[in-house]
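> structure for the following, please:
(one chain, ligands or ions: 1)
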Amino acid sequence: LMIDASPQSGRKIPDTLFGIFFEEINHAGAGGIWAELVSNRGFEAGGPNTPSNIDPWFIIGDESSIYVSTDRTSCFSRNEVALRMDILCEEGGCPSDGVGIYNPGFWGMNIEEKEKYKLVLYVKSLNSINISVSLTSSDGSQNLASANILADSSVVSNWTRMELILESVATNRTARLQLTTTKKGVIWFDQVSLMPLDTYKGHGFRKELISMVEDLKPRFIRFPGGCFVEGEWLRNAFRWRETIGPWEERPGHFGDVWMYWTDDGLGYLEFLQLAEDLGTAPIWVFNNGRISHNDQVDTTSIFPFVQACLEHNSIEFARGSSDTKWGSVRAKLGHPEPFTLEYVAVGNEDCWKKNYRGNYLKFYDAIKAAYPDIKIISNCDGSSKPLDHPADLYDYHVYTSASRLFKMNNAFDKTSRTGPKAFVSEYAVTGSDAGTGSLLAALGEAAFLIGLERNSDAVEMASYAPLFVNANDRRWNPDAIVFNSWQQYGTPSYWIQTFFTESSGAFFHPSNIQANFSDTLATSAITWQNPEDNSNYLKIKIVNFGSDYVTLKISVKGLEAAINSLGSTTVLTSSNLMDENSFANPKKVIPVSDTLPNAAENMDVVLSPRSLTSFDLQL
Ligand code: AHR
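Next comes the predicted model:
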């Protein structure tokens, strides 16, 4: 393998090359990174056939002691449904533990010893109330934390907000929240929320999951979908204005592509906040192409929606100063400083639809007129022929087999270097090669990413998809990070991404494999500077897709500084191509690092079968 590492040969890789794509899919947000523990906190969770239901709330007590129903008496006009509890048992005649309701959260709540949880609920009653709030084990037998809500009827005859902190005395991974009483009467509840106090930067995200994202050092975050943005039907598409403001007043919506309800606690502002907290560029995918999977607005009728897009302006909400109309809304919600929003994508995977181009152009013109600097991403693929419409970037998605994705490391070799650059916003090996996240899949992806590095004068951004899956609701397979209420692990596809964390903003150098290994090896070389100590590194990555050991002579020329003889190697491999990680064995297929004692310009190295190896040489 010959590498030209001379400064003249180096080509700067875009600072934005590798990032993440977050979609509300697989309960990635609701019941995922968003730390809300109550599922269906407003009793509004509608589905395809039911306008609202109380699932997964359950009743504690039998028919003779309690009757639970819903009505439309909430104090929140955009989510009117409230839960009504008729407690039928007489004073002293109720079970000693009381009757009421419980919520198991998203397949059980993770409650940790000595952690504090904030409970907020809205309550109304015609009588005085004495409600016991408790966190218990899944069958209610073990009490983890409890408190009482006592109030006179003069207080709770109108809807009243109650807030309290619960501190758990023990850890339970599948806990539930109970609201019970032994007092006869009628009680209404609405908007019941339970959040851990300790969240990522205090902004409501599960720390351990975001920590895995941080480790990928993403340069951008594309959100909130994917198909989630489109909806099966327009009525179920993501509408940003419905997701901002006090959480109690958000109507929530049924994501009919991935078939679950979200309270939209993780809304537009929270996404922007997450991007800011991660120090990464937000890429806002909006559905204002007014196109869903099954219905769309015709271009001849799109003008009012374009106007609405600018009047109800998501871009101004993100980046307008606090004296603009929508910037002031953001400021009132607690973020006076504008966010840095430099990219928007018009729709998702919609290029082939009848009205896409027509609608896109209307949005393009209107957005560019108002925000000339913003980069607009088209859904149409410009990798093999020029786009027939203006765009700053074009979206490119690929889901295929491992061998096909390996070969696609040259997908952009012939792409024009002029015109809009590619945003490979979704890529992954899928199908039988993938299992639920196999080594084989990850190696195909690694070769593809090496090709993107090589073609990073035509490709500006790339992200794997999907990023997260709650193991209890696997709507799409495979995914990069698997979690449940308390555990998480990276699939091999996650781990290969960690080999590319230094690439964005680094310098790419040409490399040549002398022997005929192009069907089984994919290689790249970058030089980069470690900002922590300003030292420079040469990083050589090699995928060995074959099933044999490969002995390789690496020759590096053109370096201005000598190679420190103590380097390191990192290898991702396993004994079986279909090996995966799991909750039981989360580290079966992870990168393993070792020292490289004789690092030099000329080295003989051995590559393991079915592996990705990185040689890290300090200069
Ligand atoms: O990543 C899963 C889905 O794949 C996305 O929602 C969609 O854009 C693509 O079809």
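
> any idea how many residues pack against residue 299?
17 (other C-beta atoms under 10 Å). C-beta here means a position set from N, CA and C on the backbone, and glycine is covered the same way.

> next: residue 415.
18.

> okay, and it sits in which element?
Taking DSSP states H and E as the definition, residue 415 sits outside all helices and strands.

> please renumber so the chain begins at 700
Renumbered: residue one is now 700, and that last one reads residue 1114.

> now do the same contact list for it.
Neighbour list for residue 1114: 1081-1083, 1121, 1154, 1157 [criterion: C-beta atoms under 8 Å, 6 or more residues apart in numbering].

> do residue 1150 as well
Contacts of residue 1150 (C-beta under 8 Å, 6+ apart): 1107-1112, 1221.

> and the helix or strand it falls within, average pLDDT?
Assigned by DSSP H and E, residue 1150 falls within helix 1138-1153. The average pLDDT within helix 1138-1153 is 98.

> give me the helices and strands touching the helix or strand that it is followed by, please.
As assigned by DSSP H and E, the chain's next helix or strand after helix 1138-1153 is strand 1158-1163. Strand 1158-1163 sits against strand 719-720, strand 919-922, strand 1120-1128, helix 1138-1153, helix 1191-1196, with contacts defined as 3 or more C-beta pairs under 8 Å, 6 or more residues apart in numbering; DSSP states H and E.

> how far is the fourth one from where the chain is centred?
Computed by C-alpha atoms, centre = their mean, to the nearest Å, the separation of helix 1138-1153 from the middle of its chain amounts to 21 Å.

> do it and the ligand meet?
No - for a cut-off given as C-beta under 6 Å from any ligand atom, helix 1138-1153 has no contacts with the ligand; the smallest distance is 13.7 Å.

> from residue 820, how far off is residue 859?
9 Å (C-beta to C-beta, to the nearest Å).

> these two: which is more packed in?
residue 820 (23 against 16).

> so who does that one touch?
832, 860-861, 878, 888-892.

> which of those are buried?
832, 861, 878, 888-892 (16 or more other C-beta atoms under 10 Å).

> next step: the residues you listed restricted to helices.
Using DSSP state H, no member of those sits in helices.

> now for the helix or strand where residue 809 lies, which elements pack on it?
Element membership for residue 809 (DSSP H and E) is strand 808-810. Here strand 808-810 touches strand 871-880, going by 3+ C-beta pairs under 8 Å, 6+ apart.

> other residues contacting the strand it packs on?
Contacts of strand 871-880 (C-beta under 8 Å, 6+ apart): 736-737, 759, 786, 793, 796-804, 806-810, 818, 820, 828-837, 839, 841, 843, 886, 888, 891, 893, 1184-1185.

> filter those residues to the buried ones?
Using 16+ other C-beta under 10 Å, the buried members of the contacts of strand 871-880 are 736-737, 759, 786, 793, 796-804, 806-810, 818, 820, 828, 830-836, 839, 843, 886, 888, 891, 893, 1184-1185.

> ok, now which ones touch the most centrally placed residue in the chain?
Residue closest to the average C-alpha location in the chain (C-alpha atoms, centre = their mean): residue 721, at 2.8 Å. Taking C-beta under 8 Å, 6+ apart, we find residue 721 in contact with 727-728, 732, 920-923, 970, 1166-1167.

> what about it, distance to residue 935?
According to C-beta to C-beta, residue 721 stands 19 Å off from residue 935.

> got it, and residue 885?
In this view, residue 885 and residue 935 are 34 Å apart by C-beta to C-beta.

> tell me, what's the model's pLDDT at residue 748?
With respect to pLDDT, residue 748 scores 69.

> which parts of the stretch 900-1049 of the chain sit against the ligand?
924-926, 1047-1048.

> max pairwise distance over these: which two?
Within those, two members stand farthest from each other by C-beta to C-beta: 924 and 1048, at 9.9 Å.

> the more surrounded of the two?
residue 924 (26 against 19).

> apart from its chain neighbours, what residue comes closest to the more buried one?
residue 722 (4.3 Å; C-beta to C-beta, 6 or more residues apart in numbering).

> what residues does that neighbour make contact with?
With contact set as C-beta under 8 Å, 6+ apart, residue 722 has these partners: 922-927, 1164-1166.

> near the ligand, which residues of this structure show up?
722, 724, 924-926, 1047-1048, 1096, 1125, 1164-1165, 1175.

> give me the subset of the residues you listed that lies in strands.
Assignment to strands by DSSP state E places the following of those there: 1096, 1125.

> surely residue 1043 is in contact with residue 985?
Yes - applying C-beta atoms under 8 Å, one finds residue 1043 in contact with residue 985, separated by 6.4 Å.

> next SSE downstream of the longest strand seen in the chain?
Ranked by residue count under DSSP E, the longest strand found in the chain is strand 884-895. Using DSSP H and E, the next helix or strand after strand 884-895 towards the C-terminus is helix 906-913.

> between that following helix and strand 884-895, how many degrees?
Here helix 906-913 runs at an angle of 40 degrees relative to strand 884-895 (axes from the mean of the first three to the mean of the last three C-alpha atoms, to 10 degrees).
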